[in-house]
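1. sequence first, predicted model second:
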Amino acid sequence: MNRFSELDVTAWREDGFTIVPDFFPAAELAPVLADYERLYGITGEGEGHAIDRKDPGDIGALGDFRDKQFKNIDTLPYGGSAELDLLSLHPALIAFARSLLGVDDVHLYQSHTWAKYTGETDYDQDFHCDFSNHTLVVPSDDHALRTVDFIIYLTDVTDELGALHYVPRQKAADILGDGRIGALDPSKQVALHAVELSAASTAGTLVAHSIDTFHRGTNLTQDKGYRFTMTVGYKAAGNDMIAYHAWQQTGNNDWSRIMNSASPEQLCCLGIPKPGHAYWTPRTLKLTRARWPEMDMLPYFVAAGVVP
């Protein structure tokens, strides 16, 4: 699971952004990619031709948010294979989140798919940060109380296929100062455009960014192009300042692929207590087994000293 380096950790903490190519090998992503193609297809509702844009330096050409930009997004658990459902709980992701946040226990608090297609909508966005719908306050100065958003590239994400553009933390501060909350005036947007970097990379790449890093979506310009990604968010266990998805809201969906296949460590990232936790009593063990009869409950029974 040694798929990242200390340089990646340092880059995320200092710049708010790091790109790790080949984090996931092609063989590992193959069944997930097959699920995306089955669930979403490789053509969208548009004609597959790029939407024309003006010069990005023109204030009148700055991006905006549109509902269709957020189409083709689904929430865990997905209607695919166990490999698709468990990708956001991959042990290497858990290990990376622990290192970035500097904590021993992390929780998965966001997981959604995203499929984009050339011409389906105008994907160009203003530069923005994501924390407004992750917390009611602002990201902490303490790494352990922050959160990390991962973007998994299932396909190549080139600049012609709508690569995210971002501005490293210090460069954004040089332009905006500390007052970086709220709407930005157009002249600041143009200044951010002038120093933006591209997150373009190949399939299997993992992007880790902080939710207070300025970034924006861009248009797909490749004829009949498409891009498949998954967004995954981790926080320290017990950090109640951060939230996004409440897994219990999708409790009527099919969680069996996860419950029956995930390890205790992976399930703990969903808020399920580890074996040996005081929650596990003869009653809760028996009822949980009744709810999930194919789940491997043996480690829980053994740690509690209860005969299965």
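-> Yep, that arrived. Numbers count the residues shown, from 1 in each chain.

2. please count neighbours and contacts with C-alpha atoms only from this point.
-> OK.

3. just the helices in this structure please.
-> Assigned by DSSP state H, the helices in the chain fall at 6-15, 26-40, 82-87, 91-101, 169-176, 186-194, 256-261, 264-268, 282-291, 298-304.

4. state the mean pLDDT of the fifth one.
-> Regarding helix 169-176, the rounded mean pLDDT is 90.

5. likewise the fourth one?
-> If you average the pLDDT over helix 91-101, you get 97.

6. any weak-confidence spans in the stretch 51-200 of the chain?
-> Within the stretch 51-200 of the chain, the stretches with pLDDT under 70 are 52-69, 178-183.

7. rerun that using 80 as the cut-off
-> 51-71, 178-184 (pLDDT under 80).

8. the stretch 1-150 of the chain: strands as residue ranges?
-> 17-20, 106-117, 147-153 (DSSP state E, counting those that start in this stretch).

9. can I get the ones you listed in a markdown table with distance to Ser187?
-> Output for those, formatted as a markdown table (distance: least, CA to CA, whole Å):
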| stretch | distance to Ser187 |
| --- | --- |
| strand 17-20 | 24 |
| strand 106-117 | 29 |
| strand 147-153 | 28 |
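
10. make a markdown table out of the ones you listed and add distance to Thr250 and mean neighbour count.
-> Shown next, in a markdown table, are these (distance: least, CA to CA, whole Å; neighbours: other CA atoms under 10 Å):
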| stretch | distance to Thr250 | mean neighbour count |
| --- | --- | --- |
| strand 17-20 | 30 | 22 |
| strand 106-117 | 12 | 24 |
| strand 147-153 | 21 | 25 |
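
11. which one of those lies nearest to Ser5?
-> Minimum separation from Ser5 across the strands of the stretch 1-150 of the chain (CA to CA) falls at strand 17-20, 9.2 Å.

12. could you measure from Asp185 over to Asp126?
-> According to CA to CA, to the nearest Å, Asp185 stands 10 Å off from Asp126.

13. neighbour count for these two, which is higher?
-> Using other CA atoms under 10 Å, the more surrounded residue of Asp185 and Asp126 is Asp126, with 22 against 9.

14. so that one versus Tyr40, what's the distance?
-> When distance is defined by CA to CA, Asp126 is 26 Å away from Tyr40.

15. ditto for Asn239
-> 34 Å.

16. for Phe23, same thing?
-> Applying CA to CA, the value for Phe23 to Tyr40 is 24 Å.

17. on that earlier part again, quick one: closest of the helices of the chain to Gly48.
-> Within those, the stretch nearest Gly48 is helix 26-40; the backing value is 14.8 Å (CA to CA).

18. could I get the buried residue list for the closest one?
-> Across helix 26-40, burial judged by 16 or more other CA atoms under 10 Å covers Leu29, Pro31, Val32, Leu33, Asp35, Tyr36.

19. what's the answer for stretch 124-134, then?
-> Asp124, Gln125, Asp126, Phe127, His128, Cys129, Phe131, His134.

20. cool, and stretch 278-288?
-> Neighbour-count burial for stretch 278-288 flags Trp280, Thr281, Leu285, Lys286 (criterion: 16+ other CA under 10 Å).

21. return the residues in contact with the residue lying closest to Ala303 once chain neighbours are set aside.
-> The spatially closest residue to Ala303, leaving aside those adjacent along the chain, is Gly276, at 4.8 Å (CA to CA, 6 or more residues apart in numbering). By CA atoms under 8 Å, 6 or more residues apart in numbering, the contact set of Gly276 is Tyr300, Ala303, Ala304.
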